[in-house]
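Student: Here you go, sequence then predicted model.
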Amino acid sequence: MSIQVRIPTILRTYTGGEKAVPGTGGTLAEVIDDLESRHAGLRARLVDEKGLRRFVNVYLNDEDVRFLAGLETAVKDGDNVTVLPAVAGG
Amino acid sequence: MLEIEQATYDEIVAHARRDHPDEACGVVAGPVGSDRPQRLVAMLNAARSPTFYEFDSHDLLSLYREMDDRDEEPVVIYHSHTATEAYPSRTDVSLAMEPGAHYVLVSTRSPDSVDFRSFRIVDGEVTEEEVRVVPSFLSEGRAPSRSIP
């Protein structure tokens, strides 16, 4: 068992075109570190020095992790993580 | 080139007018790979602002799940500018994350005329494209699919 992470089109260059990749870890930050070990460069697209990037949305199952504990959100085997860039502009 | 049905074009303009002076936003989904914008989904501008738009984060997740279930993709991503021309702003360019989409901008600064333009935004580069409004995708010599009993 692992955590399934859904990757948006624009970031699939890091996953060899895969729409979803498995990850492991006890928190979202650990899962992202785990993904980075196989998909180098992905982490920088998701987080910066202040935490989760402002215009990247990450969901644990149905919940935006910003309304949970952000990068420290606890995850467990069988969970689904979805990454979606914000659709936004000026 | 963006090819879009008259009814969809009209709906986008009506949505932009309705939400003025705030920016309106939405997508027109279509079958993956078809380049045909067929199903308009008007989105709530969570920013409720005359100078910024952002899809609500929960609505965004629902939208992408729904498109996934229906084998659709966002063929058009549209939003309005309420006081400036229908051209992508610097913010629009830096936040454009769907290189396969037609980014449609509608300006509502003039109550009398419509400014409706379409762009590709890839890696920070903006390319305007022709907009061709067709009465219906079905009227181009393609018969609607139907099953014969």
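Tutor: Yep, it's here.
Student: Give me the neighbour count for A:Tyr59.
Tutor: A:Tyr59: 23 surrounding residues under other C-beta atoms under 10 Å in any protein chain shown. C-betas here are computed from N, CA, C, even on glycine.
Student: actually B:Thr108, not the one I typed
Tutor: 23.
Student: give me every residue that touches it.
Tutor: By C-beta atoms under 8 Å, 6 or more residues apart in numbering or on different chains, the contact set of B:Thr108 is B:Ala16, B:Arg17, B:His20, B:Pro21, B:Ser80, B:His81, B:Thr82.
Student: cutoff 6 Å now
Tutor: Contacts for B:Thr108 (C-beta atoms under 6 Å, 6 or more residues apart in numbering or on different chains) come out as B:Ala16, B:Arg17, B:His20, B:Ser80, B:Thr82.
Student: Tabulate those (JSON lines), appending neighbour count.
Tutor: Output for those, formatted as JSON lines (neighbours: other C-beta atoms under 10 Å in any protein chain shown):
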{"residue": "B:Ala16", "neighbour count": "28"}
{"residue": "B:Arg17", "neighbour count": "14"}
{"residue": "B:His20", "neighbour count": "18"}
{"residue": "B:Ser80", "neighbour count": "30"}
{"residue": "B:Thr82", "neighbour count": "18"}
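Student: and those, which two are the farthest apart?
Tutor: B:Arg17 and B:Thr82 (10.2 Å; C-beta to C-beta).
Student: Listing request: residues of chain B with sub-threshold pLDDT.
Tutor: B:139-149 (pLDDT under 70).
Student: where does it come near chain A, residue by residue?
Tutor: B:51-55, B:57, B:60-61, B:64, B:89, B:91-92, B:95, B:97 (C-beta under 6 Å from any C-beta of the partner chain).
Student: same thing but 8 Å
Tutor: B:25, B:27, B:43, B:47, B:51-55, B:57-58, B:60-61, B:64, B:73-74, B:77, B:79, B:88-92, B:95-100 (C-beta under 8 Å from any C-beta of the partner chain).
Student: so what strands line up beside whichever strand in chain B runs longest?
Tutor: Of all the segments of type strand in chain B, defined by DSSP state E, the longest one is strand B:72-81. When pairs are called by DSSP bridges, strand B:72-81 turns out to pair with strand B:25-31 (antiparallel), strand B:102-107 (parallel).
Student: Redo those as a markdown table? Include distance to A:Ala20 and mean neighbour count.
Tutor: Listed next are these as a markdown table, based on distance: least, C-beta to C-beta, whole Å; neighbours: other C-beta atoms under 10 Å in any protein chain shown:
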| stretch | distance to A:Ala20 | mean neighbour count |
| --- | --- | --- |
| strand B:25-31 | 20 | 24 |
| strand B:102-107 | 26 | 23 |
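Student: Alright, that wraps it up for me.
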